[in-house]
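Engineer: would you be able to build a 3D model of this:
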Amino acid sequence: MWASWNVFPTAVVGHSLGEYAALNVAGVLSDVDTVYLVGKRAGMINDKCERDTHTMLVVKGSVDDITAVLGDKTYEIACINSPTETVLAGPNENISLLRAELTDSGVKSTLLHVPYAFHSSQLDPILADYEKLASNVVFSKAKIPVICPLDGTVMLNDSEKFGPKYLVSHSHEPVNMIKALLAARSQGIITDQSVMLEVGPHPAISSMIKGVLGSQITSLSSSQRGRPAFHILAATLKKLYTSGAEIYWSSYHHDFTASHQFLPLPAYSWDLKEYWIQCVNDWSLRKGDPQLVTNGPTLESTTIHRVVEESGDSGRTHIVVEADIARGDLSPLVQGHEVDGIPLCTPSVYADIALSLGTYLLKRFRPDKEANLLVDVSDMTISKALMLRAGATQQLLQAHADVDWLSNTASISFMSFDSLQKFQAHSRCVLCFKNRSLQEELEADVVNLKNRMQTLRDGVADGITARFNRPMVYPAIRPLARFHDDYRAINEIILNSSTLEAMSHLSFETVKREGHYHTHPAIIDSLTQSCGFTMNCNDATDLDVEVFMNHGWGSFQIFEPLDFDKKYTTYTQMVEGSDKLWHGDVVIFDGDRVVAFFG
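Structural biologist: Down below sits the predicted model:
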């Protein structure tokens, strides 16, 4: 939960069983191994140690205070929590006698209601078996400093420190918080400016920290018995924020959508004087906007203007990005196709956003696998047309992506805001991070595909196929849609009306090249235009009766970056499916190489 709010530790310390949690957070123990060790340890104690024969006693005094009262009497020290709190352990009868003597001397103490005396010799019967069990567990190097109450050291990147013997010693030797905390302060791990955050059901460790390091140390809790959870969390978050933590407030409020509302904030107005600031790139003075991540891959482009929200971990990631489609550089692109006089946004704009997101996610979360994985923009479905409102000075489009790294997939929804500031869904797709096996399959079929394309070209002379050049192509599909000038990349189409096969030649000299994209939407759109032309302009189609509209695709992979200065060839064949929809794969060539594919 704290990680989802962007709160991460710079060091960890765990008291007693909490040290397993600390080792887990530091990356020494995996989640599975942590649960395994703790569960098996509990089972061994239950099987090999007699319940309710030993107990633990919290004494309000230091080790020296106890020694002064008890002298050479037999007892075991289980925990040295602070200069004013020490925990003893031993058989019930012995602890009762010790407690009576301490009370007679004016030293207060409290019995703990526990079934066993942890950190004492009562656990000796499990040690050999537990060490053998723990030897099957992987102990990794710590990613952050681990403050060790077992021996009062601070460990980092020491793979030999933590292992089966350490856990065995941890089970029956004292927890020395005083020594550990003082060592951390002497090494600069803890300073007077440090913020200590206790993760547990009640602030038990906070008093130890202040008792050892002083009351000036800020110690916060995650929960507290008898108090509402969000009272504690809100106070802790407030203190973390005012101490400099960058809290992901959108994640904090994520589960309470019923309470969300849009608050349009006024722009900042300069008073009395004019201030001239040189404009660099594409920034504006906006208060309250989250900053883009700068210590790694970034997402800002012509189709993505800012990151609204980003959260998650190595298992799942959630990210929301936003673009103002009324912005001057983007507005022409979202008016790529004009149908019945109404300019509509094409799926290619969503595809560029998805490709940018997929590339970013790989670089940020899977940098070691980035070179071997491709972004497949799959299951693209258009549910409602996106139209730029006439005269709009701002119109926001958001893409919400949820990534499941276990399956290497991400679902993306594209949404805008209606007049009531409620989300309006327009499209969705799924990103699949795949290997290059499809490219290899297509390359193996290149000779066959090239022969079919040559057959199409040879058929022109015999009247079997028809050839259309650029001045003929776009007027032919004018009853369906008028294409923006940037979206007219077809130089030539050769069509067989009988087999519904087509090949096209593409060039992009008319496309305005300003802006920054993964792949320009005009390029993406042009790759699929031969499908629509094949269905709407073959000899059997009467456009006065019916028209065919592309409303998505099943798969889109780019194997090599597509270049404005190159000429590409496409091949497709349309077939009718059992769902009464017409389907066709599009293979895109750069010479004899397959560089992209639509399914």
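
Engineer: next helix or strand past the one helix or strand Ala22 maps to?
Structural biologist: If you go by DSSP states H and E, Ala22 is part of helix 18-25. Per DSSP H and E, the first helix or strand lying C-terminal to helix 18-25 is helix 31-48.

Engineer: which other helices and strands contact that following helix?
Structural biologist: helix 18-25, helix 127-134 (3 or more C-beta pairs under 8 Å, 6 or more residues apart in numbering; DSSP states H and E). Where you see a C-beta, it was placed from the backbone N, CA and C, and this is true even at glycine.

Engineer: which one of these lies nearest to Cys537?
Structural biologist: helix 18-25 (62.5 Å; C-beta to C-beta).

Engineer: in PDB, list the C-alpha atoms belonging to the closest one.
Structural biologist: Taking Å, rounded to 0.1, in the frame of the first residue of the first chain, the C-alpha atoms of helix 18-25 are listed here in PDB:
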ATOM      1  CA  GLY A  18       9.400  -8.300  11.900                       C
ATOM      2  CA  GLU A  19      12.900  -8.900  10.700                       C
ATOM      3  CA  TYR A  20      11.600 -11.400   8.200                       C
ATOM      4  CA  ALA A  21       9.400  -8.600   6.800                       C
ATOM      5  CA  ALA A  22      12.400  -6.300   6.700                       C
ATOM      6  CA  LEU A  23      14.500  -8.800   4.800                       C
ATOM      7  CA  ASN A  24      11.600  -9.200   2.400                       C
ATOM      8  CA  VAL A  25      11.300  -5.500   1.700                       C
END
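
Engineer: which elements pack onto that helix?
Structural biologist: strand 12-13, helix 31-48, strand 146-148.

Engineer: tell me how far Leu495 lies from Tyr571.
Structural biologist: Separation of Leu495 from Tyr571 (C-beta to C-beta, to the nearest Å) stands at 12 Å.

Engineer: what does Ser222 give?
Structural biologist: Distance from Ser222 to Tyr571, by C-beta to C-beta: 60 Å.

Engineer: so between these two, which is more surrounded?
Structural biologist: Higher neighbour count among Ser222 and Tyr571: Tyr571, with 20 against 17, using other C-beta atoms under 10 Å.

Engineer: between the helix holding Ala22 and helix 31-48, how many degrees?
Structural biologist: Following axes from the mean of the first three to the mean of the last three C-alpha atoms, to 10 degrees, one obtains 160 degrees for the angle between helix 18-25 and helix 31-48.

Engineer: sorry, back to before: return the most buried member of the helices and strands packed on helix 31-48.
Structural biologist: helix 18-25 (a mean of 21; mean count of other C-beta atoms under 10 Å).

Engineer: can you pull out the residues in contact with it?
Structural biologist: If you take C-beta atoms under 8 Å, 6 or more residues apart in numbering as the criterion, helix 18-25 is touched by 9, 12-14, 29-31, 34, 37-38, 142, 144, 146-150, 162, 170, 199-200, 205.

Engineer: which among the residues you listed end up buried?
Structural biologist: 9, 12-14, 29, 34, 37, 142, 144, 146-150, 162, 170, 199-200, 205 (16 or more other C-beta atoms under 10 Å).

Engineer: now do the contacts for Ser311.
Structural biologist: Ser4, Trp5, Asn6, Tyr248, Ser250, Ser251, His254, Thr317, His318, Ile319.

Engineer: SS state for it?
Structural biologist: Put simply, Ser311 is strand when judged by DSSP: H, G, I helix; E, B strand; the rest coil.

Engineer: how much space between it and Ala401?
Structural biologist: In terms of C-beta to C-beta, Ser311 sits 11 Å off from Ala401.

Engineer: kindly report the same for Leu431.
Structural biologist: 7 Å.

Engineer: which of the residues in stretch 513-529 are buried?
Structural biologist: Neighbour-count burial for stretch 513-529 [16+ other C-beta under 10 Å]: 517-529.

Engineer: looking at the helices and strands packed on helix 31-48, spot the one closest to Ala596.
Structural biologist: helix 18-25 (43.5 Å).

Engineer: how far out from the middle of the chain is whichever strand or helix holds Ser96?
Structural biologist: Using DSSP H and E, Ser96 falls within helix 92-104. In terms of C-alpha atoms, centre = their mean, to the nearest Å, the centre of helix 92-104 is set 55 Å apart from its chain centre.

Engineer: could I have the helix or strand that that helix is followed by exported to PDB, CA atoms only?
Structural biologist: Later in the chain than helix 92-104, the nearest helix or strand by DSSP H and E is strand 109-112. The C-alpha trace of strand 109-112 is given here as PDB (Å, rounded to 0.1, in the frame of the first residue of the first chain):
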ATOM      1  CA  SER A 109       7.200  -5.300  34.900                       C
ATOM      2  CA  THR A 110       4.500  -6.800  32.700                       C
ATOM      3  CA  LEU A 111       3.900 -10.400  31.600                       C
ATOM      4  CA  LEU A 112       3.400 -11.000  27.900                       C
END
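
Engineer: what about Arg389, how many residues nearby?
Structural biologist: 12.

Engineer: kindly report the same for Gln394.
Structural biologist: 9.

Engineer: and for Thr67?
Structural biologist: With other C-beta under 10 Å as criterion, Thr67 counts 14.

Engineer: in a strand, it, correct?
Structural biologist: No - with three-state DSSP as the criterion, Thr67 is helix rather than part of a strand.

Engineer: do you know the pLDDT at it?
Structural biologist: The pLDDT attached to Thr67 in the predicted structure is 93.

Engineer: wait, a strand at Cys79?
Structural biologist: Yes - residue state for Cys79 (three-state DSSP) corresponds to a strand.

Engineer: out of the buried residues of stretch 513-529, which are inside helices?
Structural biologist: Residues of those located in helices (DSSP state H): Pro521, Ala522, Ile523, Ile524, Asp525, Ser526, Leu527, Thr528, Gln529.

Engineer: quick one: what helix or strand has the closest residue to the third one other than its chain neighbours in it?
Structural biologist: In space, Ile523 comes closest to Leu562 once its chain neighbours are excluded; the distance is 5.3 Å by C-beta to C-beta, 6 or more residues apart in numbering. Assigned by DSSP H and E, Leu562 falls within no helix or strand.

Engineer: contacts only, for Leu562.
Structural biologist: Thr519, Ile523, Tyr568, Val595, Ala596.

Engineer: same deal with Pro83?
Structural biologist: Ser62, Ile178, Gly211, Val212.

Engineer: tell me how far the first one lies from Ile77.
Structural biologist: For Ser62, the distance to Ile77 (C-beta to C-beta) stands at 11 Å.

Engineer: quick one: common contacting residues for these two?
Structural biologist: Thr86.

Engineer: looking at these two, which is more packed in?
Structural biologist: Legend: neighbour count by other C-beta under 10 Å for Ser62 and Ile77, higher for Ile77 (19 against 16).
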